[in-house]
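# return atomic coordinates for the entry below.
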Amino acid sequence: MEPRVDYAFFIATLGGAFAIMNPFVVLPLFLAVTHGMSPAQQRHAGLRVAFFSAVLCAVVAISGAAILKFFGISVDDFRVAGGLVLMTIAMGMLSGSGSPAHEAPAKAQAMAVQEPPRADVSFYPLAFPMVVGPGTITAIIVYMGQAKAMPDKMAVAAAFGLVLAGLAVVLFFASTIGRHMSQTLRVIMTRLMGMIVAAMGVQMIAAGLKAILPGLAG
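Modelled structure (predicted):
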């Protein structure tokens, strides 16, 4: 009997991917970095950000397990560490201060905004580390580690692919969306996603500790 897709796993992965790579959280920085560009240049930059992010996600998905094995780190060890990283990111989102673990460094952001519009900032700091930062890398490796069969691995790829497609659409229409998206709405969405990311971090830490320390499971 052929293995079937676990749709609950797919939905959970999709929700996690959206919470971490939320296009509407990326949007304000994208608008700041591309300030001064024409709408056509912004659309081009948005598509490049989505492309570079997809390439980075694919590299992590393919090589993540091999990297862990090389350093002698188990998926459960990484799950606990990754959960702590996600908790750090979530605290920054909930406080409204952002998180250096997920966003581009402040100095890099300032330099990117000050550079002339023709400068290509699609890869750094937008695709990396703003979109594909430690949180995204952690989530991909953990989800791929949980996917035992090929259908589940394809489900992980599909979930992140859908979020990246959404990112491409949002950044393509960034100038239009930015005019209609109030600061209040941005704050509310960031706080909501922060709670989801925090819950993901707790879940990862709990699952990792149960595997590392079986006595905790009772």
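# who touches Gly15 in this structure?
Ile196 (C-beta atoms under 8 Å, 6 or more residues apart in numbering). In this view, the C-beta of every residue, glycine as well, is placed from N, C-alpha and C.
# gap between it and Gly145?
For Gly15, the distance to Gly145 equals 18 Å [C-beta to C-beta, to the nearest Å].
# ditto for Gly133
19 Å.
# more neighbours: which of these two?
Gly133 (23 against 17; other C-beta atoms under 10 Å).
# backbone dihedrals for that one, please?
phi -100, psi -170 (degrees, to the nearest 10).
# please apply the same query to Leu185.
phi -60, psi -40.
# pLDDT value on it, please?
Looking at Leu185, its pLDDT reads 79.
# check the gap between it and Ile177 for me.
If you go by C-beta to C-beta, the gap between Leu185 and Ile177 works out to 11 Å.
# tell me which of these two has more neighbours.
Using other C-beta under 10 Å, the more surrounded residue of Leu185 and Ile177 is Ile177, with 16 against 11.
# after the helix or strand of the chain with the lowest mean pLDDT comes which helix or strand?
Least confident helix or strand, the chain: helix 106-114 with a mean of 49, by mean pLDDT, DSSP states H and E. Per DSSP states H and E, the first helix or strand lying C-terminal to helix 106-114 is helix 134-146.
# tell me what the following helix or strand past that following helix is packed against?
Downstream of helix 134-146, the first helix or strand assigned by DSSP H and E is helix 150-172. If contacts are counted by 3 or more C-beta pairs under 8 Å, 6 or more residues apart in numbering; DSSP states H and E, helix 150-172 sits against helix 7-20, helix 23-33, helix 39-70, helix 134-146.
# separation between the nearest residue to Lys153 once chain neighbours are set aside and Leu171?
Nearest non-adjacent residue to Lys153, counting by C-beta to C-beta, 6 or more residues apart in numbering: Ala147, 4.4 Å away. To Leu171, Ala147 is 28 Å away according to C-beta to C-beta.
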